[in-house]
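>>> What follows is a protein structure lacking sequence information:
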């Protein structure tokens, strides 16, 4: 091909490329408004979906704040090392009472066997069956309630005994002048959380201690109607603990004369039991109970529910009548026979 013909071909190629570019540009210009319109519609629909999702999330959040459970402040049991770090109990989620009865049967869990020395299975039922009230046999309902709560009470008592031993070791080290700075800070934090007088070892030890299971079971039964109250079923509130103020979390009693409190809710039954024991061990209203318990410890005698219950006059507005009702509930249901109950051994690896 001669140079003249090569130059002519290049000119034709350039003209063809320019024409193609012009065609593409024309197509882009033609479709640009359509693309922009659909983009705007898509953005509008996306924004609508975002607004809808945010609205639904807000509704769920308000419902959770209104009806949800309130956990322990700052997870103090875990932060202070007063709760077991390992999963000492196997968490159980149940649909209904029949399902829970089946689980207990499969585990060989019977109250009569426990009273005769059989170990209590390490089961942590997270919430009572919603159809608890529908269990028509009152004795069967009581047995189901007691079997649900007993492992939890035993576990929290075990945690308290472990914490007490740790506190005693720290107090001994402090008395000997060999308590490290970290342990000293921990000891001060524990004393503050329990409301103990600063530097008062006797006061602190009177607060970090267990209670007879029969006492805890009796109060749970009395306060929750054997697990049938709406507070127990909707908020895991077993012990009638109150939260105060307009911003308090929990459920408001329907027929209460006072409207400045709610019944405190919890994320699960274990949290309710821990909060109950902490309440007895820290609130000034139950100093009499703690003194009765401390005297029994000093004398080396076993803790007796019918003795300690006399220190609960302030737990209810009914006062002494409440104490008598608890005493009757303990004796008529033979709950003291469960005071010697022990949790089964930990599974391998726990």
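Happy to help now that I have it. Because the structure is a prediction, the values reported are computed rather than measured. Numbering: from 1, shown residues only.
>>> For the stretch 51-200 of the chain, give me the ranges with low pLDDT.
For the stretch 51-200 of the chain, the stretches with pLDDT under 70 are 51-79, 81, 83-87.
>>> same thing with the stretch 251-350 of the chain?
In the stretch 251-350 of the chain, residues with pLDDT under 70: 251-261, 347-350.
>>> Mind doing that once more with 80?
251-262, 346-350 (pLDDT under 80).
>>> just the helices in it please.
269-282, 287-299, 305-308, 320-332 (DSSP state H, counting those that start in this stretch).
>>> swap in the chain?
Counting by DSSP state H, the chain has these helices, from start to end: 3-67, 76-79, 97-106, 111-115, 138-175, 181-194, 201-207, 213-224, 230-235, 269-282, 287-299, 305-308, 320-332.
>>> give the contact list for residue 338.
111, 114-115, 146, 150, 213-214, 217 (C-beta atoms under 8 Å, 6 or more residues apart in numbering). To be clear about C-beta, it is placed using only N, CA and C from the backbone, and glycine gets the same treatment.
>>> Let's see that with 6 Å instead.
Residues in contact with residue 338 (C-beta atoms under 6 Å, 6 or more residues apart in numbering) are 213-214.
>>> So it versus residue 311, what's the distance?
Distance, residue 338 to residue 311, by C-beta to C-beta, to the nearest Å: 20 Å.
>>> could the helices of the stretch 251-350 of the chain be laid out in TSV, adding distance to residue 91 and mean neighbour count?
Below are these laid out as TSV (distance: least, C-beta to C-beta, whole Å; neighbours: other C-beta atoms under 10 Å):
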stretch	distance to residue 91	mean neighbour count
helix 269-282	9	22
helix 287-299	30	16
helix 305-308	28	19
helix 320-332	28	15
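>>> Dump these into JSON lines; add distance to residue 137 as well.
Shown next, in JSON lines, are those (distance: least, C-beta to C-beta, whole Å):
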{"stretch": "helix 269-282", "distance to residue 137": "22"}
{"stretch": "helix 287-299", "distance to residue 137": "34"}
{"stretch": "helix 305-308", "distance to residue 137": "26"}
{"stretch": "helix 320-332", "distance to residue 137": "17"}
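>>> To residue 225, which of those lies closest?
helix 320-332 (11.7 Å; C-beta to C-beta).
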